[in-house]
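Undergrad: Fold the following.
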Amino acid sequence: MSTEKNTGGLCFKDLQGFNKTLLGKQIWRLLTCPNLLLSKVLKARYYHKTSPLSCEVKGNASWIWKSLMGARDEVQRGARKKIENGKSTRIWEDAWLLEGKGGKVESPKPPGCKVTKVSELISNFRWKSTLIFRIFSSQEAGNILKMPISLTSRHDCYFWSHSKNGQYTVRSAYEALTKDDRQSKTQVSRMGETSWTGGSDKIWK
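TA: Residues are numbered from 1 along each chain as shown. The predicted structure follows:
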């Protein structure tokens, strides 16, 4: 049985999903506002050498932190790295592609490849096309070469792929969450119909 909550003119039927999007907003603040005192404190305690999107959640973590991490999957689906100098973005671990599944590289890492950061794919504010075609599939290489490169050498930052301005909002996160749920339910339903039809054909025959 679903519950409804009306906030800012938007009706939230899934209260659990709505709560996740609120928690996701706090994760987004940790990602985009690393200089806040709270961000520094949590980073020092829980993700000193990594990020809130990839850190290990230890058993002795506080209840608040575990609650935040319970909403991490939803943030991961929409968070993307915006490439500036590429120094903080990991090629195979982070979501930084504008196209493709989940924004992550699908091409397997070649044996013996020592290239790990996006910055190593850039030289003089241009993509190293020869290296890129050698490492990635032709399709992914083409997608990478179409991506713009910043001329300011600023640090990489995050943007939200479910909104036009790149900023996380509870509304856009909730709509993305419910859309994914509907798609999952549709796929399960189709699988069930296919299984039932297949079984009926065999019985009929």
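Undergrad: you'd agree Pro34 is up against Lys40?
TA: Yes: using CB atoms under 8 Å, Pro34 makes contact with Lys40 at a distance of 7.4 Å. Bear in mind the C-beta positions are built from the backbone N, C-alpha and C, glycine included.
Undergrad: and for the two, which residues touch both?
TA: Residues touching both Pro34 and Lys40 (CB atoms under 8 Å, 6 or more residues apart in numbering): there are none.
Undergrad: Let me see the ranges of the strands in the chain.
TA: 5-7, 10-12, 79-82, 122-123, 126-127, 157-160 (DSSP state E).
Undergrad: care to break this protein down by domain?
TA: 1-83+161-187, 86-155 (automatic domain parsing).
Undergrad: need the contact list for the most centrally placed residue in the chain.
TA: For the chain, the residue nearest the mean C-alpha position is Gln76 (2.9 Å; CA atoms, centre = their mean). Neighbouring residues of Gln76 by CB under 8 Å, 6+ apart: 53, 95, 102.
Undergrad: at 7 Å instead, please
TA: By CB atoms under 7 Å, 6 or more residues apart in numbering, Gln76 lies in contact with Leu53.
Undergrad: Before we move on, what's the pLDDT of it?
TA: Note on Gln76: pLDDT of 92.
Undergrad: Same check on Gly198?
TA: At Gly198, pLDDT is 53.
Undergrad: Asn35: neighbouring residues, count only.
TA: 6 (other CB atoms under 10 Å).
Undergrad: any idea how far it is from Glu56?
TA: Using CB to CB, to the nearest Å, one obtains 24 Å as the distance from Asn35 to Glu56.
Undergrad: Give the buried residues for stretch 149-169.
TA: By 16 or more other CB atoms under 10 Å, the buried positions in stretch 149-169 come out as 156-158, 160-163, 168-169.
Undergrad: Take those and lay them out in JSON lines including pLDDT.
TA: Below are the buried residues of stretch 149-169 laid out as JSON lines (pLDDT from 0 to 100):
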{"residue": "Asp156", "pLDDT": "93"}
{"residue": "Cys157", "pLDDT": "93"}
{"residue": "Tyr158", "pLDDT": "95"}
{"residue": "Trp160", "pLDDT": "95"}
{"residue": "Ser161", "pLDDT": "93"}
{"residue": "His162", "pLDDT": "92"}
{"residue": "Ser163", "pLDDT": "92"}
{"residue": "Tyr168", "pLDDT": "95"}
{"residue": "Thr169", "pLDDT": "94"}
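Undergrad: Farthest pair within these?
TA: Across those, the longest distance by CB to CB is 21.7 Å; it joins Asp156 and Thr169.
Undergrad: Just confirm Tyr174 contacts Lys20, I think it does.
TA: No: here Tyr174 does not reach Lys20: they are 8.5 Å apart, not a contact under CB atoms under 7 Å.
Undergrad: Spatially nearest residue to Ile132 (excluding sequence neighbours)?
TA: Nearest residue to Ile132 in three dimensions, chain neighbours excluded: Ala141, at 4.8 Å (CB to CB, 6 or more residues apart in numbering).
Undergrad: residues touching the residue nearest to Ile27 when sequence neighbours are not counted, list them.
TA: Nearest residue to Ile27 in three dimensions, chain neighbours excluded: Val75, at 4.9 Å (CB to CB, 6+ apart). Counting by CB under 7 Å, 6+ apart, Val75 touches 24, 27-28, 53.
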